[in-house]
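A.B. asks: Sharing a model that was predicted from the sequence below.
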Amino acid sequence: MTSTVAIIGGTGLTTLDTLRSARRETLSTPYGEPSSPIIHGELGGRAVVFLTRHGQHHTLPPHKINYRANLWALHRVGVKQVLSVAAVGGIRADMEPGMLAFPDQLVDYTWGRHCTFFEDNLSHVTHIDFTEPYCSELRERLIQAARDLGLEARESCTYAAMQGPRLETAAEIRRLERDGCDIVGMTGMPEVALARELDMGYAACAVVANRAAGKGVGAITMAEIERNLAGGMDKVKALLARVVATLSEMPSPPERGLG
C-alpha cells in the first residue's frame, strides 16, 4: 500500500520501533543520496514511511544533510504529508526541557545550504508563498493529539534555524530572543521550504532538549540533552501514533509557486 504520510526523525529518534511490518527501501535521487534508506511500515493503522535525518548512525551534521535528496525521495514514494521531529533549545522561559512544541513560524539564519529545487534549467522563476511555513491542518492534528493524550505542549512558537553544528553563544540567543524566536534548532530549514516546493504538507514536533545558551545554569552537555530527549521521545512516539491514525484525509497544501 502506498503511503502518503512520512515521519522524519531527528536527534533522539533515529529509529521508530513502533512501526509494524517494516521494510527498507534504498533510493537514489537527482540530488544525490538521502540520509538513510526509507523505512516503510504501519503506525496507527496507517501506512507510513520513516526517514532519519542525520543518518542511521547519527553521523550527518545539520549543515551536511542532503535535504533535497531526503524530500525528493519522500515525494518519489508518494508522500503528501510530513511530520518532522527535531530536538531544540528552549529560549522562552516556559520552554522547559522535555516539553513538546509545535512551531507556527520560523526565522532562517542558515547559509550555504542547497535550499531550493528551482535553480537550474528553469523555464521561469518560481517563488513559493511562505507566509505560513507550516501546514495549519497538520499542526492542528498535532495539537489535538497532544491534548487528547494529556501531554504538555506549546501550541504556538517561532523556530530559529541556525547553521550549526556548534551550539549558540549566549549573545546569539539574546539576539534571537529580540528577533522574536522562542526555540532554536539547526535542521528546520531548508527542509520545510523544500516540502512546500513539492506540495507536501509539513508540520514540526519539536522536543526541547535543553535551555538555550545563557538561559540555564552552567554549560550545555550532551549528557543533559540525551537525558531530556529520552523522556521527550517517548511522548513523541505516542503522539505520532495518535496523529497518524487521524490522517484519513489528506490536508490540502497551499499552492506552490508564484511564477
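C.D. replies: That came through fine.
A.B. asks: buried ones in stretch 131-145?
C.D. replies: 133, 134, 135, 137, 138, 139, 141, 142, 143, 145 (16 or more other Cβ atoms under 10 Å). Yep, even glycine has a C-beta here, placed from its N, CA and C like the rest.
A.B. asks: State the pLDDT value of the nearest residue to the third one once chain neighbours are set aside.
C.D. replies: Leaving aside its chain neighbours, residue 135 sits nearest to residue 201 (3.7 Å; criterion: Cβ to Cβ, 6 or more residues apart in numbering). The predicted structure scores residue 201 at 96 on the pLDDT scale.
A.B. asks: Run through the bridge partners of residue 201.
C.D. replies: residue 81 (DSSP bridges).
A.B. asks: helices or strands next to the helix or strand containing residue 195 in the packing?
C.D. replies: Assigned by DSSP states H and E, residue 195 belongs to helix 191-197. Judged by 3 or more Cβ pairs under 8 Å, 6 or more residues apart in numbering; DSSP states H and E, helix 191-197 is in contact with helix 67-76, strand 81-90, strand 127-128, strand 201-211.
A.B. asks: Which other helices and strands does the last one contact?
C.D. replies: Put plainly, it is strand 201-211. If you count contacts as 3+ Cβ pairs under 8 Å, 6+ apart, strand 201-211 packs onto strand 81-90, strand 100-101, helix 136-149, strand 183-185, helix 191-197, helix 222-246.
A.B. asks: Would you single out the least confident of those?
C.D. replies: Of all these, helix 222-246 has the smallest average pLDDT, which comes to a mean of 88.
A.B. asks: elements contacting that helix?
C.D. replies: So helix 222-246, by 3+ Cβ pairs under 8 Å, 6+ apart, packs with strand 5-9, strand 38-43, strand 46-52, strand 81-90, strand 100-101, helix 136-149, strand 201-211.
A.B. asks: Going by neighbour count, list what's buried in it.
C.D. replies: Quick answer for helix 222-246 (16+ other Cβ under 10 Å): 224-225, 228-229, 232-233, 235-237, 239-244.
A.B. asks: How confident was the prediction at residue 57?
C.D. replies: 82.
A.B. asks: Which element, helix or strand, includes it?
C.D. replies: Under the criterion DSSP H and E, no helix or strand holds residue 57.
A.B. asks: what about it, how many residues close to it?
C.D. replies: A count of neighbours around residue 57, defined by other Cβ atoms under 10 Å, yields 9.
A.B. asks: Kindly report the same for the one 5 residues further on.
C.D. replies: The local packing count at residue 62 equals 23, with neighbours defined by other Cβ under 10 Å.
A.B. asks: what do you get for the one 10 residues further on?
C.D. replies: Counted with other Cβ under 10 Å, the burial measure for residue 72 works out to 20 neighbours.
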